[in-house]
Every structure is written in structure tokens, then in C-alpha cells.
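>>> Prediction below, plus the sequence it came from.
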Amino acid sequence: MLTIRSYAPADFEKVVALWEACELTRPWNDPAADIEFCLASENARLMVGVADDESRIVATAMVGHDGHRGWIYYVAVAPEHRAKGAGREIMARAEEWLTCRGVPKAMLMIRETNSKVIGFYERLGYAVEERIVMARWLKKPPHA
């Protein structure tokens, strides 16, 4: 079982360590900046899942929306807590947060190299959509 709550500033080191353990960080995604941006928005939330038996953060999900589409990012579950329901619980809470705000659709972006999670999301009812994601750096990326 998890207790899911909103992120608190004291969680920073533990959250980033979990993201690193789950290989979610990249040189161009500064976790501190992403968390700060999330916290500054009324349309976003960072949730943490605390293991009831350990009192430590074992899951996260960052959720936000543009009014029509919801986006769920930084879904992380500590390796030793996988296949025990933590991922389902944090995803259900993220979806509930979107639903309560009238958002009709939840979206995910998964790196092609992260194929191990595709089955998990498919079991939750997510499907691959025919889309091309295009991007352009508006400022020099930190890894350049």
C-alpha cells in the first residue's frame, strides 16, 4: 500500500534519486527546474507515493494539463516495488487529478528505449497513437 500525497520541498533529494534510479533524467531535463516549474503552475502537480511499511518515497508522477489534454510525466517506481501495485496506484491518482479538472484525455510520452514500460501502460488501457512529436530548442540546451 502507498500513501500518495503532494510533493514537499523536503522530498527533493529522494525524488531526484528515484528518478535517477529509474533512468528518467537526461542532461537537458534539469529535475530542479522541472519541479520548480510544476510547483509554480495551478495546472500541474507532483505526487509522491510513500510506502506505508517503509516511510520512504517509492513512486512519483508529475501531472499537468492544457485544458484539453492531460500529460503524465516522471512516472517512477522503485525497482523493488514494481509489480506490487505502486505504479497502478500512482497512475490512478494522476488520472483522478485530471478527471477532477475536467480533462478528457491523458497522454504519455515514452522514449523508444524504454520499451519495458509499454506493456504496463497498455494494461492500464493506454494505446500507441499515430503521432509525430516535433521539437525545437528555444534556448541553447544544457548538453550542447
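Yep, it's here.
>>> contacts, neighbours, all on C-alpha from now
Fine.
>>> Residue ranges in the protein under the pLDDT threshold?
Flagging of the chain using pLDDT under 70 yields the residue ranges 142-144.
>>> hang on, residue 18 packs against residue 79?
No - at 9.3 Å, residue 18 does not count as touching residue 79 under the criterion of CA atoms under 8 Å.
>>> Between those two, which has more neighbouring residues?
residue 18 (22 against 12; other CA atoms under 10 Å).
>>> which one is the more buried one nearest to, not counting chain neighbours?
Counting by CA to CA, 6 or more residues apart in numbering, residue 78 is the residue found nearest to residue 18 once chain neighbours are left out, at 6.5 Å.
>>> How much space separates that neighbour from residue 70?
24 Å (CA to CA, to the nearest Å).
>>> The two: which has the busier surroundings?
Set residue 78 next to residue 70 and count neighbours by other CA under 10 Å: residue 70 wins out with 25 against 17.
>>> any idea what sits nearest that one, other than its immediate chain neighbours?
Nearest to residue 70 is residue 106, by CA to CA, 6+ apart, at 4.5 Å.
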